[in-house]
Each structure stands twice: as structure tokens, then as C-alpha cells.
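[1] pasted the sequence and its predicted model underneath.
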Amino acid sequence: MNQEPIYLDHAATTFPYPEVIESMKDQLKTVYGNPSSSHALGRKSKAMVENARKSIAQMMGCQAKEIIFTSCGTESDAWILQSAVRDLGVNRIITSSIEHQAVLANVEVLEGQSIQIDYVNYLENGEISLDHLERLLAKSKEKTLVSLMHVNNEIGNLTPIDQVGDICHNYQALFHCDAVQSVGKLPIDLKETKVDFLAASAHKFHGPKGIGFAFVRDKHQLKPLISGGEQERGKRAGTENITLITGMAKALSIKFNNLKADRKKVLQLKHYFIEQLRQEIPQVVFNGTCLDDTKSADHIVNIRIPVKETREGMLLFQMDLKGIMCSRGSACQSGAQTTSYVLKEIYSLENLMPNLRFSFDASNSKEELDYCVDHLKKIVAKNPV
Ligand code: PLP
């Protein structure tokens, strides 16, 4: 049988929706003006950028001026963290050691500049300890920024951002949320949630790569990371990429309009996958909180597989050979052959069998999951611990 490739790596990236590609093609052909030009074509381009901003703001529950276009989630995280220190007098950051590298690497840069960094403890399976967060906040009067991701990209753990926002608010701390894995996949209402800053990336919600946005609540004035022209109200210099910006807005509106139906489908797939794994390979161990829907994202299942440790490097290769695309963790770290830093943080090393991360989308099917579980079962049978 010639098996079609099966893409189960939607946490790494998603395919651009055909409607997104079409709208970007149209835009490229017709509206090529520089949004800063004052002539008709420039004004038309500017209008497209501003309409995209308004549409994203409306879906996120914020004001248009609070959305700033960036090149990706990483840039949004870097800008927010570095500027909060430079421009808002933040001198202490509370984060977790299982954040994405886009946060951790920037936190490290700031630590080198004598900013105090505190790491919040976890409960079982990597759940953030809200009690510990509160104790850390109560301990010091330093101007503090809390940076916690909404959905962990490796294990899918969900941070209760409403609760975190309330806690931060009670202690006058600022709250930055890396929501790269949740925007377009989970409902977020910035009117209700006490988030000061948020990072998002279009390629995670069926938009194009190379574009993202930062939400910066109106009361905070961040200066740009890259200085130059006055684009983005002086907050990010450089001619706006209208094609990618309008593509991102289109993708988010499709996701937004289908959110309920897509979530239902993805959750069904997740449940089915877990059920099949338990039935066919009972020794599989589930990482993070994925067995509890109230504490995990719909789209990520990360498992430890009962095969010899020496087979770790071969696992992905063997899946790929059968046309199954998944990963071991963050795509940015996939070159590294070492065990995931997220898993090492949460679990003791002796319990760590080789792991794989599967991440779903409404475009996947149960048949694809059957094929995947069947192949995994064969790998386990051929490589017993
Ligand atoms: N934050 C999280 C949680 C992510 O999953 C990713 C991408 O994998 C990023 C940040 C970086 O986003 P981008 O690829 O747009 O730079």
C-alpha cells in the first residue's frame, strides 16, 4: 500500500489554508504600495494593514492599537521581555524552566544584565504551582514581570491564565503570556484576562510563516527593539509586510469562525489516540497533563515509548520512513539528539524512556491515527526494553 504522508506535527507548524494563499496572491498582485506612502496605492496598502489589525484585535478582545505586527512569536517574546526591563523598570522576572526557548534565551540575556530571575515550581506532571507563584510574588517588592506560556509546546500543559492574571494583578506584577500554541486554537478574551503582554505566531494557526503579533496593553509604552522608521506607531521599524499581515488576519478569522467545531474534532482525535495507545501499547506513559482535558490543550499528546533507550534516535526516523511526521519536542531543538529539557525538568531521568510528540488538527482522521498506532506497536515489538 502506498501510504499518503500523515502530518501529526501541528505544534511545529501548520499548512497555510488555501483561502489564505489565495488572499495573499490577490494582495501581492494588486496592492503593492508602501503603506507609508501618501498616494492612493500607499493609502490602500495602509488600509489593508489597518483592517487586518482591527480584525485581529476584535477576535482577541482588545483595541487595534494594542496589536503590533512582528516577524514571529520569537520576536514578540524577545521584544516584550527585553523592553519591559529597559522601558518599564522591571528588575525581576518570574518564569518557569519549561518555557519555550524564545522566552528562556531572552530571560538568560536579562539575567546577564543583573535582572533577578525566579523559577516557579511544578506540581506533578509539570503543572505550574500557583501557590508557589503567589509566594514568590509576596516575597519581594521588586517590579516584577511574570512570563508563563498558555500552552506548553512540548507536552501541551495548559496554564490557567485567568488565575495567573488575577494573582499578578493582586501583587501589582505584570503578566506576559507566550500564547503561540493557543491563539487560534483556544478561546482567549483579552477584555477579561488580565494579561499585559501576549505573543502569537501565524504559522501555528494556518497562516504564513515569518509573521506574528504582540499584544501590548495600551497603558504600557514599550520602545522598539529595532529602531528606524515610524511604522507600527514607532514600535517596530521596517516596511510592513502587507502580504503576510493580511494572510495572518485571514487565517485567524477562519480559525475563529470554526473554533468550536475544530476543537470538538481535535479533542475527539486526541481521546481516540489515547484510547488506542492504551489498548494497543499499554506500557506507553503519557507526559504532562494530557489525560486531563481541563489541564491540557486539545492538540498535543507527548508519550514515553517502551523501547530501548538506544533506539531514541531511530524512533523519528522509523516513523518518517512510514510517512508519519511527528517530533520529539520543540522543532527549534530537533537537531539536538539529547532528551528534551522540558521532560528532564519534570521527570526523573531513570524513568525517561524515549519520547515522541504528536500534535493534531481538524484535518487529521482516525484512520491516520490507527496507522500511526499500528506502526508504533510494531516498533515496540521489534525493540523491547
Ligand atoms: N513560543 C512557543 C510556545 C512556540 O511553540 C514557538 C514555536 O514553536 C515559539 C514561541 C516561537 O514562535 P516562532 O516560530 O513564530 O518564532
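    Cool, got the structure. Source: prediction; values computed, not measured.

[2] what about the residue of the chain at minimum distance from the ligand, how many neighbours?
    When scored by C-beta to the nearest ligand atom, the chain has Gly73 as its residue closest to the ligand, at 2.7 Å. (Each C-beta comes from the backbone N, C-alpha and C, glycine too.) Gly73 sits with 26 neighbouring residues when counted by other C-beta atoms under 10 Å.

[3] tally up the residues packed near the closest residue to it other than its chain neighbours, please.
    Nearest residue to Gly73 in three dimensions, chain neighbours excluded: Ser201, at 3.4 Å (C-beta to C-beta, 6 or more residues apart in numbering). Using other C-beta under 10 Å, Ser201 has 29 other residues around it.

[4] go on, Pro282?
    Neighbours of Pro282 (other C-beta under 10 Å): 8.

[5] read off the pLDDT value for it.
    At Pro282, the model reports a pLDDT of 97.

[6] how near is it to Met353?
    Counting by C-beta to C-beta, to the nearest Å, the separation of Pro282 from Met353 is 14 Å.

[7] hmm, the residue nearest to Gly73 is touching Gly210, no?
    No: Ser201 is beyond contact range of Gly210, at 9.4 Å (criterion: C-beta atoms under 8 Å).

[8] the least confident helix or strand in the chain by mean pLDDT: how far from the chain's middle?
    Lowest by mean pLDDT, DSSP states H and E among the helices and strands of the chain is helix 312-321, with a mean of 89. Its chain's average C-alpha position is 24 Å from that of helix 312-321, according to C-alpha atoms, centre = their mean, to the nearest Å.

[9] same check on stretch 263-283?
    So, by C-alpha atoms, centre = their mean, the centroid of stretch 263-283 is 22 Å from its chain's centroid.

[10] what's in contact with that stretch?
    Contact partners of stretch 263-283, identified using C-beta atoms under 8 Å, 6 or more residues apart in numbering, comprise 185-186, 284, 286, 290-291, 293, 298-299, 301, 303, 305-306, 358, 360-362, 364-366, 369-370, 372-374, 376-377, 380.

[11] restrict the residues you listed to those near the ligand?
    When C-beta under 6 Å from any ligand atom is taken as the criterion, no member of the contacts of stretch 263-283 contacts the ligand.

[12] of those, buried ones?
    The neighbour count (16 or more other C-beta atoms under 10 Å) marks 185-186, 284, 286, 290, 298-299, 301, 303, 305-306, 358, 360-362, 364, 369, 372-373, 376-377, 380 as buried among the contacts of stretch 263-283.

[13] what sits closest to Glu309 if chain neighbours are left out?
    Once flanking residues are discounted, Glu309 sits nearest to Pro354: 6.5 Å by C-beta to C-beta, 6+ apart.

[14] next, count neighbours for the one you found.
    Neighbourhood size, Pro354 [other C-beta under 10 Å]: 22.

[15] tell me the residues of the stretch 51-200 of the chain that contact the ligand?
    With C-beta under 6 Å from any ligand atom as the criterion, the stretch 51-200 of the chain meets the ligand at residues 72-74, 100, 102, 149, 153, 178, 180-181.

[16] any chance of those residues in TSV, plus pLDDT and secondary structure?
    What follows is those, written out as TSV (pLDDT from 0 to 100; DSSP: H, G, I helix; E, B strand; the rest coil):
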residue	pLDDT	secondary structure
Cys72	98	coil
Gly73	98	helix
Thr74	98	helix
His100	98	coil
Ala102	98	helix
Met149	98	coil
Asn153	98	coil
Asp178	98	strand
Val180	98	coil
Gln181	98	coil
